[in-house]
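Q: compute the structure for the input listed below.
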Amino acid sequence: MKNSVITLGQFIIDRQEEIHDAKGAFSDIFRAIGLAAKIVNRDVRKAGLVDILGEHGSTNVQGEDVKKLDVIANTIFKNHIEQTGEVCAVISEEEDDVYWCKDSHEAKYILCMDPLDGSSNIDVNASIGTIFSLYKRRDMNRDCSLDDILRPGKEIVAAGYVIYGSSTMLVYSSGNGVNGFTLDDSIHEFCLSHPNIKIPETRKIFSVNEGNLHDFDQKIQDYIHKCKQHKLSARYIGSLIADFHRNLLKGGIYMYPATEKAPNGKLRLLYECIPMAFLIENAGGKATDGKQRILDIQPEKLHQRTPLFVGSSKMVDEIGY
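A: Got it, this is the predicted structure:
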């Protein structure tokens, strides 16, 4: 007899007691995330057949060109999340300011997201994805404010990502392990395929843009040289979500150090680094900015950037902080 299929929806319901005082809201939010991911996945798959590739003709708050799929994904996720009535604010990499959801005074949650990470890879058919995290409002007796949003990652209640690749996967944690779900196109459901993911401790892969090598701190240059001496595999796609996903399953370290041009780093603390740090720690790994634990950093602004070193614990420890 074949094992029964466990869908994302059923898994969330079975594990909802992990989230204190969730009362169904957590299930509603993940149902919306799952549905939005399926729609974005559909659009990603047909991107070459319709006019949704290329530049949107504007730039986001980071000063980067906005791709058409970036705009589409941002709208899809924002609309589906707002419709749940369980989220009071959405903070997106693609928007300058907080999006305050309508009719959500009683909503307990705040969503941070990068709706389409790795968008520079859209036109070359490389893996891209969506990154998200959830915070709970601090005080239901007052309006949601920036004080509820600009908080260290150790206070989030859940985080995850969707990767649109050869198969589409949703990986998430609510603080008690990391689980992965693969989209089964035959039934249009995310099904549990990677239960209780643990990142391997063995040195295997290092991921870094060596084109910037001479702009890195000497300590980082020495560490990269050490990786080569140990004959580790160099793997770098240029999409955080793709590099992170591979290293999570196979073991390794992803590095995006500060450079002379970007002394504060380039990756976004709220939308990229905090969710990935939360996931990696729940999978047995570590994440730092080279000086301190990512989840301990107090954000000061919505689009704050930071260096990132994330992966197998022993490899991150070798960087030191």
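Q: quick one, strands of the stretch 201-321 of the chain?
A: 205-207, 233-234, 253-256, 267-268, 286-288, 305-306, 308-311 (DSSP state E, counting those that start in this stretch).
Q: how far is the second one from where the chain is centred?
A: Which is strand 233-234. Strand 233-234 sits 23 Å away from the centroid of its parent chain (CA atoms, centre = their mean, to the nearest Å).
Q: who are the packing partners of it?
A: strand 205-207 (3 or more CB pairs under 8 Å, 6 or more residues apart in numbering; DSSP states H and E). Bear in mind the C-beta positions are built from the backbone N, C-alpha and C, glycine included.
Q: who does the strand it packs on pair up with?
A: The strands beside strand 205-207 in its sheet (DSSP bridges) come out as strand 233-234 (parallel), strand 253-256 (parallel).
Q: pLDDT on the shortest one, on average?
A: Put plainly, it is strand 233-234. Averaging pLDDT along strand 233-234 yields 96.
Q: can you list the residues that contact that strand?
A: Lys204, Ile205, Phe206, Ser207, Val208, Glu210, Cys227, Lys228, Gly252 (CB atoms under 8 Å, 6 or more residues apart in numbering).
Q: find the residue closest to the last one in space, skipping its chain neighbours.
A: Same thing as Gly252. Ile205 (3.0 Å; CB to CB, 6 or more residues apart in numbering).
Q: show me what the one you found is bridged to.
A: Here Ile205 sits in beta bridges with Ser233, going by DSSP bridges.
Q: start at 47, not 1
A: Taking 47 as the first residue, the last one we looked at is Ile251.
Q: and the pLDDT for it?
A: For Ile251, the predicted pLDDT is 96.
Q: state the distance from it to Met361.
A: 9 Å (CB to CB, to the nearest Å).
Q: picking that back up, which two among the contacts of strand 279-280 are spaced furthest apart?
A: Spanning the widest gap among the contacts of strand 279-280 are Lys250 and Glu256, at 17.4 Å by CB to CB.
Q: between those two, which is the more surrounded one?
A: Lys250 (17 against 13; other CB atoms under 10 Å).
Q: what is the burial count for the residue lying closest to that one once chain neighbours are set aside?
A: Nearest residue to Lys250 in three dimensions, chain neighbours excluded: Gly297, at 4.4 Å (CB to CB, 6+ apart). If you count neighbours by other CB under 10 Å, Gly297 ends up with 20.
Q: Ser359 is in contact with Gly297, correct?
A: No. Taking contacts as CB atoms under 8 Å, Gly297 lies outside contact range of Ser359: 10.4 Å.
Q: quickly list what's touching both of these two.
A: Joint contacts of Gly297 and Ser359 (CB under 8 Å, 6+ apart) are Glu247.
Q: spit out the contact partners of Arg184.
A: Asp193, Asp194.
Q: what about the strands in the stretch 47-196 of the chain?
A: Assigned by DSSP E, counting those that start in this stretch, the stretch 47-196 of the chain shows strands spanning 101-105, 111-113, 133-138, 145-146, 155-163, 174-182.
Q: can I get these in CSV with mean neighbour count?
A: Shown next, in CSV, are the strands of the stretch 47-196 of the chain (neighbours: other CB atoms under 10 Å):
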stretch, mean neighbour count
strand 101-105, 12
strand 111-113, 19
strand 133-138, 24
strand 145-146, 14
strand 155-163, 27
strand 174-182, 26
